[in-house]
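>>> please work out how this folds:
(one chain, ligands or ions: 1)
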Amino acid sequence: MNRAEHFDLIIVGGGMVGAAMACAMGDRELKVALIEGRVPDLSWPKAAYENRVSAITRASQYVFENLNAWPQMVNRRVSAYRKMEVWDSTGGGHIHFDSADIAEPDLGHIIENSVIQAALWERLKQLPSVHCFAPATPKQLQITQQQVSLTLDDGRLLEADLIVGADGGRSWVRQQAGFESKGWSYQQDAVVATVGHELSHQACCWQRFAADGPLAFLPLDEKTCSIVWSTSPEHAEQLLALNEVAFLKALQLSFGDSLGKMCTVGERAAFPLRLAHTTRYTGLRLALIGDAAHSIHPLAGQGVNLGLGDMSSLADTLSAAKIRGENIGDMAVLRRYERARKADNVLMMGAMDGFKRLFSNDQPVLRFARNLGLSVTDRISPIKQLFMQQALGLASNRSSLAKPPSNV
Ligand SMILES: Cc1cc2nc3c(=O)[nH]c(=O)nc-3n(C[C@H](O)[C@H](O)[C@H](O)COP(=O)(O)OP(=O)(O)OC[C@H]3O[C@@H](n4cnc5c(N)ncnc54)[C@H](O)[C@@H]3O)c2cc1C
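Numbering: from 1, shown residues only. A predicted model of the protein is given here:
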């Protein structure tokens, strides 16, 4: 019989959200076990951009700054964007956002997912109370009133007061808890790739809407963007099968000439898009954060930002419970986290779903109304300023980690 190792909490999943949670709890000197199936690649420099990137809000930047992981990201590479151009290719509707209009230096950053994860794992090396198990996968979970017992695939036994599922959309922890995940497929895939183009992107995120889905160009180097092209699964399959020249031609046709000629394309991949929301975020001695709890359409780049909101809120809840002398696995404690996050997440998921439906509807009346709506909104400064505050993640209730660090 294996001897058990004891922790305050076990986190399953060391992606962007789980690794951030481990940093937050390690900073507060809780004893943490972080279980990750794949060993993260920490090597640097890398010449080619990864085709998976995230638009990171100001609120999430504050989270990384407070966790002391932001300098590692900047040392690798991050790309600030100051503007957004959004237009509807089925009419003349157009809207433009500029950070200068709200006296901000930028509207956010585009960062490769692997850069975010690597910077967080580098930070974890400096936190002695966090023990990383990678590669490792959980095999068996038992939860009693007193504790959590988790057996890993290699037979090691871990015990803790709480288990946190940060293991993504197909969460094993969520399945063990028996929580139902409700939602639907968008019948769309997102094709992603790094694209080189003739003209400068001007630190701008470009997004064009069409009936088959949005196409976004997210700025990296001056003449390089990461694209997210949401389209039907059949079209996505065709796009992946095209040779480089034919793909660039199709992209040019769909996007237009705002960035000049499309010149190069890196490795392409496609991801099926779903809306999913678990019925519960918490159970006895168990909590879900990030995509383990919810997945949304990437059209406004909010998924990981919501996940970081979850993790900051849970970190605050657990710290407050510790100070009060409560057990961090108690339902009463965990429900505070669920109450704090669910409303925000439902609001954002509803908004993204509404946008997706509005822009993929080809009825002439609706098409006319949304094109008019975009152009009219473009002329109303207060509404645009509100949108920009929302995009920065500064409009909603924020936990301590999502506030500016005291030295800023
Ligand atoms: C095309 C596309 C573009 C997107 N763009 C944006 C954007 O611009 N901005 C934004 O905010 N969001 C964006 N998102 C959403 C974002 O990628 C997700 O919300 C984010 O990856 C969720 O992070 P996570 O850590 O919760 O889960 P994941 O990234 O899925 O990480 C889960 C981790 O858990 C590990 N794991 C899983 N199961 C186990 C197990 N059983 N044992 C051990 N380890 C396990 C995995 O290896 C992984 O490391 C986009 C999504 C897509 C598909």
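>>> what pLDDT, on average, does stretch 223-230 get?
Averaged across stretch 223-230, pLDDT comes to 97.
>>> anything in that stretch near the ligand?
Yes: using CB under 6 Å from any ligand atom, stretch 223-230 reaches the ligand at Val228. Where C-beta positions appear, they are placed from N, C-alpha and C, glycine not excepted.
>>> show me what Met84 is bridged to.
Phe97, Cys205 (DSSP bridges).
>>> give me the neighbour count for it.
21 (other CB atoms under 10 Å).
>>> also Cys23?
With other CB under 10 Å as criterion, Cys23 counts 29.
>>> that one contacts Ala69, correct?
Yes: between Cys23 and Ala69 a contact is recorded at 6.3 Å, counting by CB atoms under 8 Å.
>>> hey, what's in contact with both of those two?
Leu120, Arg123 (CB atoms under 8 Å, 6 or more residues apart in numbering).
>>> tell me where the longest helix sits in the chain.
helix 331-360 (DSSP state H).
>>> and it with the ligand, contact?
No: applying CB under 6 Å from any ligand atom, one finds helix 331-360 separated from the ligand by no less than 10.4 Å.
>>> mind checking how far stretch 224-242 is from the chain centre?
20 Å (CA atoms, centre = their mean, to the nearest Å).
>>> likewise for stretch 212-231?
With CA atoms, centre = their mean, you get 16 Å for stretch 212-231.
>>> run through the residues of this structure sitting next to the ligand.
12-18, 35-38, 54-55, 137-138, 166-168, 172, 190, 192, 228, 271, 290-291, 298, 301-305, 307.
>>> per-residue confidence for Leu248?
Note on Leu248: pLDDT of 98.
>>> ok so it is a helix residue?
Yes: membership of Leu248 in a helix is supported by DSSP: H, G, I helix; E, B strand; the rest coil.
>>> apart from its chain neighbours, what residue comes closest to it?
Take Leu248 and drop its neighbours on the chain: the residue closest to it by CB to CB, 6 or more residues apart in numbering is Met262, 4.3 Å away.
>>> also Gln252?
Met262 (4.8 Å).
>>> what of Gln147?
Using CB to CB, 6+ apart, the closest residue to Gln147 is Glu159 (5.4 Å).
>>> what does Thr279 give?
Nearest one to Thr279, counting by CB to CB, 6+ apart, is Glu180 at 4.9 Å.
>>> mind listing what the residue nearest to Gln252 touches?
Val195, Gly196, His197, Glu198, Leu248, Lys249, Leu251, Gln252, Phe255.
>>> by mean pLDDT, which helix or strand of this structure comes out lowest?
helix 364-377 (a mean of 66; mean pLDDT, DSSP states H and E).
>>> following the chain onward from that helix, which element is next?
helix 381-391 (DSSP states H and E).
>>> tell me the mean pLDDT over that following helix?
76.
>>> make 845 the first number, not 1, from now on.
That works, and once the first residue is 845, the last one we named lands at helix 1225-1235.
>>> next one: it to chain centre, how far?
So, by CA atoms, centre = their mean, the centroid of helix 1225-1235 is 21 Å from its chain's centroid.
>>> what angle do it and helix 1175-1204 make?
130 degrees (axes from the mean of the first three to the mean of the last three CA atoms, to 10 degrees).
>>> in helix 1225-1235, what's buried?
Lys1228, Phe1231, Met1232, Gln1234, Ala1235 (16 or more other CB atoms under 10 Å).
>>> repeat that for stretch 1126-1145.
In stretch 1126-1145, counting by 16+ other CB under 10 Å, buried: 1126-1127, 1129-1145.
>>> same check on stretch 981-990?
Thr981, Pro982, Leu985, Ile987.
>>> counting contacts, what elements does the helix or strand hosting Met1155 pack onto?
Taking DSSP H and E as the criterion, Met1155 maps to helix 1147-1168. Here helix 1147-1168 touches helix 860-871, strand 897-900, helix 902-910, helix 1175-1204, going by 3 or more CB pairs under 8 Å, 6 or more residues apart in numbering; DSSP states H and E.
>>> just so I know, which of the ones you listed lies nearest Ile939?
helix 1175-1204 (12.3 Å; CB to CB).
>>> what angle sits between that closest one and helix 1147-1168?
Computed by the same axes, to 10 degrees, the angle between helix 1175-1204 and helix 1147-1168 is 170 degrees.
>>> and helix 1175-1204, how far from the chain's centre?
The answer for helix 1175-1204 is 14 Å, by CA atoms, centre = their mean.
>>> on that earlier part again, the residue nearest to Thr1123: neighbour count?
9.
>>> cool, Ser898 as well?
With other CB under 10 Å as criterion, Ser898 counts 24.
>>> show me what contacts the nearest residue to it once chain neighbours are set aside?
Of all residues not flanking Ser898 in the chain, Val1148 sits nearest, at 4.9 Å (CB to CB, 6+ apart). In this structure, Val1148 makes contact with Met860, Val861, Ser898, Ile900, Ser904, Asn957, Ile960, Gly1134, judged by CB under 8 Å, 6+ apart.
>>> do the same with Ser993
Ala848, Leu985, Gln986, Ile987, Leu1001, Leu1002, Glu1003.
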